[in-house]
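K.L.:
below is the sequence, then the predicted model.
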Amino acid sequence: MGTRRLVVVGASLAGLRAVEAARKGGFEGRITLVGAEPHLPYDRPPLSKQFLDANGADVPPPTFRTKEVFRTELGAELLLGAPATCLDTAARTVVVGERPIGYDALVIATGATARRLPGTEGLTGVHTLRTLDDAAAVRRALDAGARTVVIGAGFIGAETAAAARKRGLDVVVVEAQATPLVRAVGETMGGALASLHRRHGTDLRCGLSVTALEGEGRVERVRLSDGSVLDADLVVVGTGAVPATDWLVGSGLTLDDGVVCDETLRTGAENVYAAGDVARWHNPVFDRPMRLEHWTSAAEQGALAARNALNPGAAKGYATVPYFWSDQYDTRIQFVGVPDAEEIAVVDGDIERDHQGVALYRAGDRLVGALAVNRPTEIMKYRRLVARGASWEEGLAFARSRSESRQTADV
C-alpha cells in the first residue's frame with residue numbers, strides 16, 4: 001500500500017516547502033498542514049526588519065501563499081490555530097486538540113519558540129519577537145513612541161534596536177556577554193559589529209544581566225546587575241529560542257536540542273522526518289550534528305524531508321554550509337559556515353571603521369566561515385569555497401584576488 005496521506009505539522013517556511021515539494025514531486029494523495037497559529041504560513045525575517053520599520057503604515061502580513069493557492073494549486077487541508085499535542089508513531093497518528101489525524105508519512109516542522117523572562121507573564125509591555133502577533137504588538141508600541149529596552153544583542157535584538165532608532169526613539173540594548181553576537185560570528189567580529197550600535201546612537205550595555213522588571217501591571221523599569229535602572233514602556237526579549245518539541249515527549253523520538261535525525265532528516269520512526277528549526281541532524285560538511293535557525297536551511301530541509309518521507313527508499317542526505325543575513329541600520333551583515341575558529345582575519349576592507357569588508361574563519365588548515373559586511377555580492381563565493389573544503393590558504397588567495405580586482409576596477 002502506497003502513501004495516501006502526508007501530514008505536515010508546523011505551518012512554517014519548512015512546512016510550506018514540504019507541501020510544495022510533495023505536489024511538485026507528483027504526490028496525488030491527501031496533504032494536511034497543521035499550524036499552531038491562526039495565520040497562514042508567513043515569512044519571519046521581515047518581522048524584525050521591514051515590518052517593524054513601517055512607522056504607522058498599514059503593512060500587510062508577509063504571508064507566502066493565499067488560502068486559494070492552498071486549496072486549488074496545492075490541494076492541502078489547513079488546520080490552523082490549534083497545535084499538535086501528541087504523536088503516536090505506533091498508531092501513526094498526530095493529535096490536534098482532541099482530534100487524531102492519521103498519516104502514512106509525517107514531516108515535523110514545528111520550529112522553535114522564543115525564550116521568555118520568567119516571572120513576567122502578568123506584565124504587559126514585555127514581548128518576544130518570534131511570531132506575527134509579537135511583531136504587531138512591538139510595532140504598535142514603537143508607533144506610540146515607547147521608551148525601549150532590548151534584552152539580548154543577537155540579531156533579533158539588534159534589528160529591533162535599529163527599527164526603534166530609525167524612528168528617532170531612545171533604545172537601550174542589554175547583553176549578558178562581553179560583546180554582542182558572539183554565538184553567531186565569534187567574539188572578535190562581534191566586537192567590531194558593536195560599533196554599528198554606537199554609531200547610530202543606540203545605548204549598548206554589555207556584560208550585564210537583568211535582575212528585575214518592575215511596574216504596576218505594566219512594565220515601567222528594568223533593573224540591571226550593576227544597580228542601574230532603565231525607564232521603559234516596551235521591553236523586547238531577544239535571548240534566543242528553543243525547539244518546539246514538548247508535544248513529542250513520550251513519542252519515542254530522540255529529543256536533544258531538537259528532534260534528532262540522521263543525514264536524510266529521518267527521525268528513526270518509520271516515515272517520520274523533521275525539518276527546519278526543530279531538526280537536529282548530522283551535517284556531513286562539518287561532520288557534526290547541527291540545528292539551524294536559518295531561512296535557507298529551513299526551506300531546503302522542508303522540501304527534502306517531504307521527498308524523503310514520500311520515497312524513503314531513495315532518501316537523500318542533506319549537507320549544507322549554513323548561511324544567514326541581518327539588516328541593521330544601513331548595514332547588511334551576511335555569514336556563511338561556522339564561527340568556531342582558531343583564527344579570524346579581516347582580509348578585505350575595515351569592518352569596524354568603515355562598516356564594510358570581509359573576514360575569514362580558520363579551523364586547522366580549513367576555511368570554515370566567512371563574514372561579509374556591506375559586500376552583498378561576495379558571500380556566496382566564499383560559501384562555495386567552504387562547501388568544497390577549501391584550505392585556509394585557498395581562502396586567503398581568493399580574498400587577495402577579489403581585493404585586487406576591486407582595486408583595478410576603481411582605477
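P.N.:
That came in fine, so what should we check first?
K.L.:
contacts for the lowest-mean-pLDDT helix or strand in the chain, please.
P.N.:
Within the chain, no helix or strand scores below helix 50-53, which has a mean of 81 by mean pLDDT, DSSP states H and E. For helix 50-53, contacts defined as CB atoms under 8 Å, 6 or more residues apart in numbering pick out 59, 62, 135, 138-139, 142, 159-160, 163, 166. (C-beta placed from N, C-alpha, C; glycine too.)
K.L.:
possible to save the residues you listed as TSV with pLDDT?
P.N.:
Output for those, formatted as TSV (pLDDT from 0 to 100):
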residue	pLDDT
59	76
62	90
135	94
138	95
139	94
142	94
159	93
160	94
163	92
166	91
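K.L.:
alpha carbons only: can I get the helix or strand hosting residue 298 in CSV?
P.N.:
Using DSSP states H and E, residue 298 sits in helix 295-310. Presented in CSV, the C-alpha positions along helix 295-310 are these (Å, rounded to 0.1, in the frame of the first residue of the first chain):
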residue,chain,number,x,y,z
TRP,A,295,15.8,30.8,6.5
THR,A,296,17.7,29.0,3.8
SER,A,297,18.2,25.7,5.6
ALA,A,298,14.6,25.6,6.7
ALA,A,299,13.4,26.0,3.1
GLU,A,300,15.8,23.3,1.8
GLN,A,301,15.2,20.9,4.6
GLY,A,302,11.4,21.2,4.3
ALA,A,303,11.4,20.2,0.7
LEU,A,304,13.9,17.4,1.2
ALA,A,305,12.1,16.0,4.2
ALA,A,306,8.9,15.7,2.2
ARG,A,307,10.6,14.0,-0.7
ASN,A,308,12.4,11.5,1.6
ALA,A,309,9.2,10.8,3.6
LEU,A,310,7.3,10.0,0.5
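K.L.:
tell me which residues touch the residue nearest to residue 92 when sequence neighbours are not counted, please.
P.N.:
Take residue 92 and drop its neighbours on the chain: the residue closest to it by CB to CB, 6 or more residues apart in numbering is residue 103, 5.5 Å away. If you count contacts by CB under 8 Å, 6+ apart, residue 103 has them with 5-7, 32, 92-94, 271.
K.L.:
you'd agree residue 157 is up against residue 150?
P.N.:
Yes - contact criterion CB atoms under 8 Å: residue 157 and residue 150 qualify, at 4.5 Å.
K.L.:
give me the common contacts of these two.
P.N.:
Counting by CB under 8 Å, 6+ apart, the residues touching both residue 157 and residue 150 are 173, 236, 238.
K.L.:
show me which of the contacts of helix 50-53 is closest to residue 249.
P.N.:
residue 135 (29.1 Å; CB to CB).
K.L.:
any idea how many residues pack against that closest one?
P.N.:
When neighbours are counted by other CB atoms under 10 Å, residue 135 registers 25.
K.L.:
what residues are up against it?
P.N.:
47-48, 51-52, 129 are the contacts of residue 135 under CB under 8 Å, 6+ apart.
K.L.:
ignoring the adjacent residues along the chain, who's closest to residue 344?
P.N.:
Residue nearest to residue 344 in three dimensions, not counting chain neighbours: residue 188, with 4.7 Å by CB to CB, 6+ apart.
K.L.:
residues touching stretch 309-318, excluding its own?
P.N.:
3, 6, 22, 25, 27, 105-107, 263-266, 271-273, 281, 283-284, 300-301, 304, 307-308.
K.L.:
and those residues, which of them are buried?
P.N.:
3, 6, 22, 27, 105-107, 264-266, 271-273, 281, 283, 300-301, 304, 307-308 (16 or more other CB atoms under 10 Å).
K.L.:
now do the SS call for the most centrally placed residue in the chain.
P.N.:
Computing the C-alpha centroid of the chain and ranking residues by CA atoms, centre = their mean puts residue 293 first, at 3.6 Å. Here residue 293 is recorded as coil under DSSP: H, G, I helix; E, B strand; the rest coil.
K.L.:
for it, give me its contacts.
P.N.:
Each residue near residue 293 by CB under 8 Å, 6+ apart is listed here: 112, 241, 277.
K.L.:
residue 348 too?
P.N.:
Taking CB under 8 Å, 6+ apart, one finds 357-358, 375, 399, 402-403, 406 in contact with residue 348.
K.L.:
can you say which of these are buried?
P.N.:
Buried, going by 16+ other CB under 10 Å: 357-358, 375, 399, 402, out of these.
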